[in-house]
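S.K.: Show me how the following folds:
(one chain, ligands or ions: 2)
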Amino acid sequence: MKKCVPDKCNASCCRYAAIVIDAPTSKSDFEDIRWLISHHNVAVYKDLEDDWVLEFESPCKFLKDNRCSDYENRPYICRDYEADTCTQNRRGKDSKILFEEPAQVEAFVAKRWQKKKPAAKRPASKNL
Ligand code: SF4
Ligand code: SF4
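M.R.: Ligands and ions are numbered 1, 2, ... in the order given. Predicted structure coming up:
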């Protein structure tokens, strides 16, 4: 198991909150995502395990000088966190799909639901 490297640590794992959300399947679901990421410091991405994640970039209140000021009392999620999944330089590198701007969702939806051209009619056969 990897260990944290304090000298290189920028405490990025303490600078956001994230939850797994239902995978979007409909245009309406993506419209909700477009609304979510219209807010500052909010992103939605599909990670390498195919989970869809809603992330808020917001530093923990206990983060002081890049260190946890409540280390002995830190929540379980912080205790369970492993350096293998160190989040330094995380965004965009460990996601299959990343939405940070509403226009990205619009482009994604337009591509996924683009209207297919109707098949060209075959000329009527001549019974010669
Ligand atoms: S409680 Fe401590 S370890 Fe957990 S996110 Fe906040 S600063 Fe980081
Ligand atoms: S996992 Fe968190 S504490 Fe450990 S090196 Fe990475 S950013 Fe720093």
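
S.K.: got the residue ranges for the strands in the chain?
M.R.: For the chain, strands defined by DSSP state E occupy the ranges 16-21, 42-47, 52-57, 63-64, 67-68, 95-99.

S.K.: Among those, show me which one is buried the most.
M.R.: Ranked by mean neighbour count under mean count of other C-beta atoms under 10 Å, the strands of the chain are led by strand 42-47, which reaches a mean of 19. Every C-beta, even on glycine, is put in place using the N, C-alpha and C of the backbone.

S.K.: Now do that strand: which elements does it pack against?
M.R.: helix 27-36, strand 52-57, strand 95-99 (3 or more C-beta pairs under 8 Å, 6 or more residues apart in numbering; DSSP states H and E).

S.K.: Please repeat the previous calculation with a cut-off of 10 Å.
M.R.: Packing contacts for strand 42-47, counted by 3 or more C-beta pairs under 10 Å, 6 or more residues apart in numbering; DSSP states H and E, involve strand 16-21, helix 27-36, strand 52-57, strand 95-99, helix 102-112.

S.K.: orientation of that strand relative to strand 16-21 in degrees?
M.R.: 60 degrees (axes from the mean of the first three to the mean of the last three C-alpha atoms, to 10 degrees).

S.K.: picking up where we left off before, quick one: closest of the strands of the chain to ligand 2.
M.R.: In terms of C-beta to the nearest ligand atom, the element of those nearest to ligand 2 is strand 67-68, at 8.5 Å.

S.K.: count of residues packed around residue 30?
M.R.: 19 (other C-beta atoms under 10 Å).
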